[in-house]
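Participant: after the sequence you'll find the predicted model.
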Number of protein chains: 2
Amino acid sequence: MSSVAALEDAAMELFLEQGYQNTSIDEIARRAGISRATFFNYCDTKSDVLWVDVDRALASLETLLGSALSLREALHSVASAQPRERIPLVASQSEAMGLGDELAASAGVRLDRLRLIIAGSGVEHQDVWLVLGAIVGALVSWARAPSPREELVGLLDEQLQRIRGALGQHSVATLF
Amino acid sequence: MSSVAALEDAAMELFLEQGYQNTSIDEIARRAGISRATFFNYCDTKSDVLWVDVDRALASLETLLGSALSLREALHSVASAQPRERIPLVASQSEAMGLGDELAASAGVRLDRLRLIIAGSGVEHQDVWLVLGAIVGALVSWARAPSPREELVGLLDEQLQRIRGALGQHSVATLF
DNA sequence: TGAATTATTAGACTGCGTACATAAATTAGG
DNA sequence: CCTAATTTATGTACGCAGTCTAATAATTCA
């Protein structure tokens, strides 16, 4: 098992047992069998351990868009790679971890990263926040849905179709 | 001058002079003529000092919605109260302060607060992120526009009109 | 004026995140 | 197989954010 996965498991266990605030990086590292210093070789901050999967997906998106794919194609590719049955625990167990404002704060970093991705993909300036809202809305409703979930790709398309009429032609060209 | 305004001024000066990361709460408090301990009587966190005006507006929104106004009325009221010529410095000077991820993180907290407001105002579940995107898009484009700005209310109405067709009837009822 | 309430302050403490130096482990080449 | 180079893991010290508690000043009010 890769060390970052071991960190995720150890952290999630502790967060669910004791809460996020009451769990120190020391404890996470100890349970994962590494030192505190090594923790920071895998995660820059304590909250990063919640978002490993999401950050990986965002990195994929950036890579795909860097190789001249359209936003639609890149989204489709990354969305298809997400398993329907196992979603990031931050999406399903966030209340149980007692995250408080750390959830919204660390989510904000990922939201901004996605915003930059959208803005750099050909979506028009005045459409970026709308597209962001549609995509995140789809992601959230997908993550919150009970298993068995439908395919994420379908939900994404559905949400984006709803705002198609509100978008400029360049935006439509990259998204449809 | 209220002490929180003095804190804002002192903090903004220092952030612009030295950057956000290189400015300690001690320095902010000292320049504002208070002690570090007192700083925390006015702001819970260092980044809160960036968002005093925004948090005040959000609190107004919550108050107005608590007194049975529709979301449209509450938004209109709060938006009309924002001066066109003076916007929160976090919106216009964020790059110069070297905020880094702290901007997205602290913005995420406010975004989530606004999301909760929208969700509690009668907007349908599946429309919340879309409405949030439209509203934030309007706010951002308003804040980024050069002076003299048009009225925020107009921009808000304009952005919301664009997604009207995508919303359910309950959402439309609270927003139009 | 004196009491009660509130605002301010000092100081100690936990823990995050950084910096830097050191040591172990892995890989590569001869 | 051994050594050198590189990567990965670790120890330690530090600055600073945010919390807590207790004590002091300032303000309000009877």
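Facilitator: Perfect, thanks for sending it.
Participant: next one: phi and psi at the nearest residue to A:Ala104 once chain neighbours are set aside?
Facilitator: With sequence-adjacent residues excluded and distances taken as C-beta to C-beta, 6 or more residues apart in numbering or on different chains, A:Ala104 is closest to B:Asp112, at 3.7 Å. For every residue, glycine as well, the C-beta is placed using N, CA and C. The phi/psi pair for B:Asp112 (degrees, to the nearest 10) reads phi -70, psi -40.
Participant: can you classify the residue nearest the centre of chain A as helix, strand or coil?
Facilitator: Nearest to the geometric centre of chain A sits A:Val54, at 3.1 Å (C-alpha atoms, centre = their mean). Secondary structure for A:Val54, judged by DSSP: H, G, I helix; E, B strand; the rest coil, is helix.
Participant: and it, what's its pLDDT?
Facilitator: pLDDT, A:Val54: 97.
Participant: test my guess that it contacts A:Arg113.
Facilitator: No: at 9.3 Å, A:Val54 does not count as touching A:Arg113 under the criterion of C-beta atoms under 8 Å.
Participant: picking up where we left off before, hmm, the residue nearest to A:Ala104 is touching A:Ser106, no?
Facilitator: No: the criterion here is C-beta under 8 Å, and B:Asp112 misses it with A:Ser106 at 11.1 Å.
Participant: which ones are touching A:Tyr152?
Facilitator: Small correction: residue A:152 is Leu, not Tyr. A:79-80, A:82, A:84, A:138-139, A:142 (C-beta atoms under 8 Å, 6 or more residues apart in numbering or on different chains).
Participant: go on, A:Gly165?
Facilitator: B:165-166.
Participant: and for A:Ser106?
Facilitator: A:45, A:47-48, A:50-51, B:105, B:108.
Participant: same check on A:Val136?
Facilitator: So A:Val136 contacts A:111, A:114, B:129, B:133 (C-beta under 8 Å, 6+ apart).
Participant: can you report how many residues lie near the last one?
Facilitator: Just to be clear, that refers to B:Gly133. For B:Gly133, the count of nearby residues is 25 (other C-beta atoms under 10 Å in any protein chain shown).
Participant: swap in the second one?
Facilitator: The number of residues packed near A:Leu114 is 18, by other C-beta under 10 Å.
Participant: near chain B at all, the helix or strand hosting A:Ala173?
Facilitator: According to DSSP states H and E, A:Ala173 maps onto helix A:169-175. No: using C-beta under 8 Å from any C-beta of the partner chain, helix A:169-175 stays clear of chain B, coming no nearer than 11.7 Å.
Participant: list the buried ones in that helix?
Facilitator: Under the neighbour-count criterion of 16 or more other C-beta atoms under 10 Å in any protein chain shown, helix A:169-175 has A:171-172, A:174-175 buried.
Participant: which two in these are spaced the farthest apart?
Facilitator: A:Val172 and A:Thr174 (7.6 Å; C-beta to C-beta).
Participant: what about the lowest-mean-pLDDT helix or strand in chain A and chain B, touching?
Facilitator: In chain A, the helix or strand scored least confidently by mean pLDDT, DSSP states H and E is helix A:89-92, which has a mean of 93. No: Helix A:89-92 stays clear of chain B (C-beta under 8 Å from any C-beta), getting no nearer than 13.2 Å.
Participant: packing partners for that helix?
Facilitator: Under the contact criterion of 3 or more C-beta pairs under 8 Å, 6 or more residues apart in numbering or on different chains; DSSP states H and E, helix A:89-92 touches helix A:128-144.
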